[in-house]
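K.L.:
Fold the following, please.
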Amino acid sequence: MNSLLIRNARLVTLNDGDLPRRGAAMRELGIVPKGDVLIENGSIAEIGAGLSAPNGATVIEAEGRVCMPGFVDAHTHAIWAGDRLDEVDLKQRGASYLDILKAGGGIMSTVRAVRAASQGELAAGLRKRLGWALQEGTTTIEVKSGYGLTTADELKSLRAIVDASGSFPGTVIPTALIAHAIDPEQPNFIETTINETLPAVHEAFPEIAIDAYCEQGAWSLDDCRRLFEAATALGHPLRVHADQFNALGMIELAIEMGFVSVDHLEATGAESLARLASSSTFGVMLPCSGFQVDDRYADGRAFIDAGGALVIASNCNPGSSPTSSIPLTIALATRKSGVTTAEAICACTANAAALLGLVDRGTIAKGQRADLLLLRHEDERMLGYEFGGDPVDCVICEGRVVRSLP
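P.N.:
Take a look at the predicted model:
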């Protein structure tokens, strides 16, 4: 038996209420001011005070520090090759994200690097980034393809995600972002994506979520609809990048078709945001993108107050969000999207796990998978108060300590 006892911690359990959390319920963190957590064989066996350690158990003395669920990063593009350092000067001279994309840079420069890389090289790069994310407390992470944009290169990327996940002590969830950009080098790119790439992805990954980037200069609303209708017919769940720079009507389509999530929402108007909040579709906000790109942020306060199921995520990628830090994401969300620290914590643990369909994590409760963090803080509100630095003292994945106390 593999036993671990965390003793005398401030427990942030998030174990009260239905999931996903909405509205005021996102502020209810289920705090146990001083408690113990007993872990056996990778799962939480007991929560209480004064628990006894079984023979041979490892004991971690929390000494009043915060113990909380591991971070769940539900939106990343963490598999890529090359870098985008040559675009830094262009941005600093005033070029916009869309200007760079139209000139053949941005996503397409990474696409060219991914096409030149082998599956093994892509997996090796992802393993490094997964390791960095783990050190910052991310124990479950979604990773999108989308930098291949041919059938062969999208499949190569998805297989590399699976390869890299085998050595990650947490959980990696792949997503097929086969409609990330318009490839000018493929004359019938949209038709090929819908009629060739989608069926091939379906055959290899029949249950994977299908994603697209609906934006001026990328996929149009009409073309997204065609892709998503074909994906729905094959039984795939749907996610979409929408309203990053321009609101093109995707919110209404996502609600109509019952998407799992709409991600970005910086350009979403108040009425559309309220409609999304009243639907079953998650709203995913990515404040690190606003920080990196144009200092625009989605309105988390309005979305939560309207009853929305909010998730925040790092959007880790080489262009618009070169970070895997959920602590930074929390700090930015509290400053720029109007959410409280408690709401931000819920949005990257319990709600993020619910978005990914993972009911066994994101809360501290008996029977849950023991993906836990021990912070150096004695108050979880420090996650929203501080920015920069490293708040994580210990990371536990499935009951195993993968980052030890300093």
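
K.L.:
so who does the nearest residue to Leu375 once chain neighbours are set aside touch?
P.N.:
Sequence neighbours aside, Val66 is the residue nearest to Leu375 in space, at 4.2 Å (criterion: C-beta to C-beta, 6 or more residues apart in numbering). From N, CA and C alone the C-beta is placed, and that goes for glycine too. By C-beta atoms under 8 Å, 6 or more residues apart in numbering, the residues touching Val66 are 9-10, 12, 373-375, 377-380.

K.L.:
At which residues are the helices of the stretch 1-150 of the chain located?
P.N.:
Using DSSP state H, counting those that start in this stretch, the helices found in the stretch 1-150 of the chain span residues 88-92, 97-102, 107-116, 119-135.

K.L.:
okay, these, which one's buried deepest?
P.N.:
Per-stretch averages of neighbours, counted by mean count of other C-beta atoms under 10 Å, single out helix 107-116 among these, with a mean of 20.

K.L.:
Which strands and helices lie in contact with it?
P.N.:
With contacts taken as 3 or more C-beta pairs under 8 Å, 6 or more residues apart in numbering; DSSP states H and E, helix 107-116 sits against helix 151-165.

K.L.:
who's in contact with the helix it packs on?
P.N.:
79, 111, 114-115, 119-120, 122-124, 126-127, 130, 143, 145-148, 171-172, 174, 176, 178, 192, 196-197, 200-201, 204-205, 208.

K.L.:
If you count neighbours, what's buried in stretch 54-73?
P.N.:
57, 60, 62, 65-73 (16 or more other C-beta atoms under 10 Å).

K.L.:
if I read this right, Arg65 contacts Arg10, doesn't it?
P.N.:
Yes: Arg65 is within contact range of Arg10, at 6.7 Å (criterion: C-beta atoms under 8 Å).

K.L.:
okay, and the common contacts of those two?
P.N.:
In contact with both Arg65 and Arg10: Glu378, using C-beta under 8 Å, 6+ apart.

K.L.:
quick one: the helices in the stretch 151-300 of the chain?
P.N.:
Using DSSP H, counting those that start in this stretch, the helices of the stretch 151-300 of the chain run over 151-165, 189-192, 198-204, 221-233, 250-257, 270-277, 287-293, 300-305.

K.L.:
ok now the longest one, how far from the chain's centre?
P.N.:
To tie it back to what came earlier, the one meant is helix 151-165. What separates the centre of helix 151-165 from the centre of its chain is 18 Å, taken as C-alpha atoms, centre = their mean, to the nearest Å.

K.L.:
Tell me where the model's unsure across the chain.
P.N.:
Low-confidence segments of the chain, defined by pLDDT under 70: 1, 104, 406.

K.L.:
run the last query once more with 80
P.N.:
Along the chain, segments meeting pLDDT under 80 span 1, 86, 88-89, 91, 97-105, 405-406.

K.L.:
Out of all residues in it, which is the farthest from the middle?
P.N.:
For the chain, the C-alpha farthest from the mean C-alpha position belongs to Asn55; by C-alpha atoms, centre = their mean, that distance is 38.1 Å.
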